[in-house]
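Asker: Build the 3D model from these lines:
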Amino acid sequence: MSQTLAVKRCEKMTATVKLCAEALRPNDHGEDIIGVPGIVMELIRNGNPVESITTTASGLVAFASVGITPANMGNYSVRAIVGPGVVGTYAFRVDPSQNAERGNLFNKTGKAYVHKISFYFTTGWVAVRVRNATGALLTGVTVSLTSPIGPAILKTLAKADLLADGSYRLEPTPAGNYQISFPDFDQDSWAVNTAPPPVRPLNYFARPKHEDPPGPGHTVVVGDCAWSLAVTYAVTEDAIWAHVPNQALTATYPNRYTLLPGQTVQIPRRPKSVTCASSACHDFLIPDPPTRELIVRLVDWGQPAPIGLVGTVAITNHPDLAVTTEAGGVLKIPIPFGATAAKLTLPEFGLKEYTLQLGHLAPIESPEGVRQRLSNLGLFVDPPDVLDRPAALLQAVNGFQKLKTIPLVDPDPLGKVNSATSDALVAACGS
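Answerer: I've put the predicted structure just below:
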């Protein structure tokens, strides 16, 4: 950005001293000078701001806080501010005891003149357009734009802020290279969009607000898994699972989709930015949160349910889903984010209503995870008296091992099973 400065004293006006500042730039032909509106002109006296005025359509402001009274004596400066940064400063003194030279704007004669400080500079603009993978324009997303001379400007995009082409445009701003980022998203959750925009009417998608990762880490509750944490904190599952502070957790419980309530998971936040030139629109891609699928296997006395049975899945605050059994008695159910339970109805299979607890499966490495899987297979019923649990669990584990023709190995005193049994349980239950 180029900027020059000129100071001129205009003809005598009134008995009151006036000071004007103007923001100017060459026109498109580089000849005449035209005013730049929207530039903040700030007047500083003895280090303290006394006035802040935005230039009008003509690029001009007039300050009223300058005079030759004792209260107005001292060191002054006028600063031109574009967007986040100062682009020009002119310093002067007001001291009637001195002559007009040596930076003293008003001399001891007390003559009242209009003094005009003119800033000549080149401004620019920068625009961003954010879409998801389907081409919908995203709102509710916060973008950070850092100019070549100032701190970042944070803007949460709203539909009313977008132009006809779906972009958000910031102007006037300093010309040059900008750093653009999306601070609510991990580095792997957004990218520069190199695909051409879709040729169809604009449609919009309000992206839900994401939470900031908690400093001490996320404490797992029932229903949590790597997928739900990834959606909540705008980070990828792989980034969570590969995060160094989580290494002890992932080594003990390698299945990212079965977390144990009470565990602490550290959420990475790895910022990134890209360099973008001014006077251009820059396109970015933020994919929608990943979806997940629940697989239910229906078995009747060891035989899978027939193919083609039609049922219904009801999830609170979501439309009912029609589902159909596939080979092996399998039902594939898409699960929306935030769902913790679903009700399955399959009359042709004799299933009037069955409640599916989503995200409630504990890791197979835990005693609870072993009991849950054996219960899902119809082999274990938790007895009323907890003292009877070890015997009931032993019977269930040995019964499962016989079904799968694997060696009979009793669970340990805590209720954990050996690797061959745990692998077979995971394979039988799908997780």
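
Asker: Remind me which helix or strand the closest residue to residue 47 other than its chain neighbours belongs to.
Answerer: Among residues not flanking residue 47 along the chain, residue 75 sits closest, at 7.7 Å (Cβ to Cβ, 6 or more residues apart in numbering). Just so you know, the C-beta spots here come from the backbone N, C-alpha and C atoms, and that holds for glycine as well. Counting by DSSP states H and E, the element that carries residue 75 is strand 74-82.

Asker: partner strands of that strand, parallel or antiparallel?
Answerer: In the sheet, strand 74-82 lines up against strand 40-45 (antiparallel), strand 85-94 (antiparallel) (DSSP bridges).

Asker: For the residue nearest to residue 47, name its beta-bridge partners.
Answerer: Judged by DSSP bridges, the bridge partners of residue 75 are residue 93.

Asker: and the longest helix along the chain, which residues are buried?
Answerer: Identified as the longest helix of the chain according to DSSP state H is helix 389-403. For helix 389-403, the neighbour count (16 or more other Cβ atoms under 10 Å) marks 389, 392-393, 396-398, 400-401 as buried.

Asker: For that helix, what is the distance to the chain centroid?
Answerer: 48 Å (Cα atoms, centre = their mean, to the nearest Å).

Asker: what's it packed up against?
Answerer: On a contact count with 3 or more Cβ pairs under 8 Å, 6 or more residues apart in numbering; DSSP states H and E, helix 389-403 meets helix 367-376, helix 419-429.

Asker: any idea which of those helices is most buried?
Answerer: Scoring those by mean neighbour count under mean count of other Cβ atoms under 10 Å gives helix 367-376 as the most buried, with a mean of 21.

Asker: How far does that helix sit from its chain's centre?
Answerer: For helix 367-376, the distance to the chain centre is 37 Å (Cα atoms, centre = their mean).

Asker: And for stretch 183-192?
Answerer: For stretch 183-192 - counting by Cα atoms, centre = their mean - the centre lies 7 Å from the chain centre.

Asker: mind exporting it as PDB, just the C-alpha atoms?
Answerer: Taking Å, rounded to 0.1, in the frame of the first residue of the first chain, the C-alpha atoms of stretch 183-192 are listed here in PDB:
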ATOM      1  CA  PRO A 183     -10.100 -20.000  14.200                       C
ATOM      2  CA  ASP A 184     -13.000 -22.300  15.300                       C
ATOM      3  CA  PHE A 185     -11.700 -25.100  13.100                       C
ATOM      4  CA  ASP A 186      -8.700 -27.400  13.300                       C
ATOM      5  CA  GLN A 187      -6.200 -27.200  10.400                       C
ATOM      6  CA  ASP A 188      -7.500 -30.400   8.800                       C
ATOM      7  CA  SER A 189     -11.200 -29.200   8.900                       C
ATOM      8  CA  TRP A 190     -11.000 -26.600   6.200                       C
ATOM      9  CA  ALA A 191      -9.100 -25.900   3.000                       C
ATOM     10  CA  VAL A 192      -8.800 -23.500   0.100                       C
END
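
Asker: Quick check: buried residues in that stretch?
Answerer: 184-187, 189-190.

Asker: how about the residues you listed, which pair is most distant?
Answerer: The most widely separated members of the buried residues of stretch 183-192 are 184 and 187, with 12.0 Å between them, by Cβ to Cβ.

Asker: What mean pLDDT does stretch 163-173 get?
Answerer: Across stretch 163-173, the average pLDDT comes to 86.

Asker: Dump the C-alpha coordinates for that stretch into CSV.
Answerer: What follows is stretch 163-173, C-alpha atoms only, in CSV (Å, rounded to 0.1, in the frame of the first residue of the first chain):
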residue,chain,number,x,y,z
LEU,A,163,-23.1,-10.2,-1.6
ALA,A,164,-25.1,-11.5,-4.6
ASP,A,165,-22.3,-13.9,-5.5
GLY,A,166,-22.3,-15.3,-1.9
SER,A,167,-19.0,-13.7,-0.8
TYR,A,168,-18.3,-11.4,2.2
ARG,A,169,-16.3,-8.4,1.2
LEU,A,170,-14.2,-6.2,3.5
GLU,A,171,-13.5,-2.7,2.2
PRO,A,172,-11.8,-0.3,2.3
THR,A,173,-8.8,-2.1,3.5
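
Asker: Which residues are in contact with the residue nearest the centre of the chain?
Answerer: The chain has residue 184 as the residue nearest its centroid, 2.7 Å off, counting by Cα atoms, centre = their mean. Applying Cβ atoms under 8 Å, 6 or more residues apart in numbering to residue 184 gives the contacts 141-142, 209-210, 212, 234.

Asker: do that again at 10 Å, thanks
Answerer: 140-144, 156, 190, 207, 209-212, 233-234, 269, 286 (Cβ atoms under 10 Å, 6 or more residues apart in numbering).

Asker: cool, residue 398 as well?
Answerer: Contact analysis of residue 398 by Cβ under 10 Å, 6+ apart lists 379, 408-411, 421.

Asker: are any of those residues buried, and which?
Answerer: If we count by 16+ other Cβ under 10 Å, the contacts of residue 398 have these buried: 379, 411, 421.

Asker: out of those, which one sits closest to residue 216?
Answerer: Looking across the buried ones among the contacts of residue 398 and measuring by Cβ to Cβ, the closest to residue 216 is residue 411, at 33.9 Å.

Asker: if I look at residue 278, how far off is residue 37?
Answerer: With the distance defined as Cβ to Cβ, to the nearest Å, residue 278 ends up 18 Å from residue 37.

Asker: Those two - which one has more neighbours?
Answerer: Counted by other Cβ atoms under 10 Å, residue 278 and residue 37 do not tie: residue 278 has more neighbours, with 21 against 13.

Asker: Can you give me the distance of the more buried one to residue 355?
Answerer: 57 Å.

Asker: And residue 135, by the same measure?
Answerer: Counting by Cβ to Cβ, the gap from residue 135 to residue 355 is 38 Å.
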